[in-house]
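J.: What follows is a predicted protein model with its sequence.
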Amino acid sequence: MIDKTLALMKKPSPKVKEDLARLLSRNRGYGGTIARMLSKPSREMQKIHYAFVLRTMRYGWTLDQRREYFKWLGDAGGPREGPATTAS
């Protein structure tokens, strides 16, 4: 399971079904915003979901799998820039 999920984290995101986006866009209160988000699925959001699922796996990891997982977590944070991370 761990190998399969790590492999999924490397694949491109599937396209969201247009029917769902069309249905959500009918509700002007919040559906439009959700539909816009889903019409352009974020590959990174899907990877974060996979990482979130893998965090509960206590057993079955190899050392290389753990290294790959934690490397991905470190890389997912991206570069640390901006006022909150610069030295004064």
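T.: Received it, and whenever you're ready, just let me know what you need. Nothing here was measured: the structure is a model prediction, and the numbers come from that model.
J.: Quick check: which ranges of this structure have low pLDDT?
T.: 11-41, 79-88 (pLDDT under 70).
J.: The same query, at a cut-off of 80, please.
T.: Filtered on pLDDT under 80, the chain yields the residue ranges 1-2, 4-46, 77-88.
J.: remind me, longest helix of it?
T.: If you go by DSSP state H, the chain has its longest helix at helix 63-76.
J.: CA-only coordinates of it, as CSV, when you get a sec.
T.: Written as CSV, here are the backbone C-alpha positions of helix 63-76 (Å, rounded to 0.1, in the frame of the first residue of the first chain):
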residue,chain,number,x,y,z
LEU,A,63,13.7,2.8,5.4
ASP,A,64,13.8,4.0,1.8
GLN,A,65,10.0,4.6,1.8
ARG,A,66,10.3,6.7,5.0
ARG,A,67,13.1,8.7,3.5
GLU,A,68,11.1,9.3,0.3
TYR,A,69,8.0,10.3,2.3
PHE,A,70,9.8,12.8,4.6
LYS,A,71,11.8,14.2,1.7
TRP,A,72,8.5,14.8,-0.1
LEU,A,73,7.2,16.6,3.0
GLY,A,74,10.3,18.7,3.2
ASP,A,75,10.1,19.6,-0.5
ALA,A,76,6.4,20.3,-0.3
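J.: Check which residues of it are buried.
T.: By 16 or more other Cβ atoms under 10 Å, the buried positions in helix 63-76 come out as 65, 68-69, 72. Every C-beta, even on glycine, is put in place using the N, C-alpha and C of the backbone.
J.: who are the neighbours in contact with the residue nearest to L8 when sequence neighbours are not counted?
T.: Of all residues not flanking L8 in the chain, Y50 sits nearest, at 5.6 Å (Cβ to Cβ, 6 or more residues apart in numbering). Listed by Cβ atoms under 8 Å, 6 or more residues apart in numbering, the contact partners of Y50 are 5-6, 8-9.
J.: how does it look with 10 Å?
T.: Listed by Cβ atoms under 10 Å, 6 or more residues apart in numbering, the contact set of Y50 reads 4-11, 69, 72.
J.: before we move on, what about I48?
T.: Contacts of I48 by Cβ under 10 Å, 6+ apart are 9, 42, 72-73, 76.
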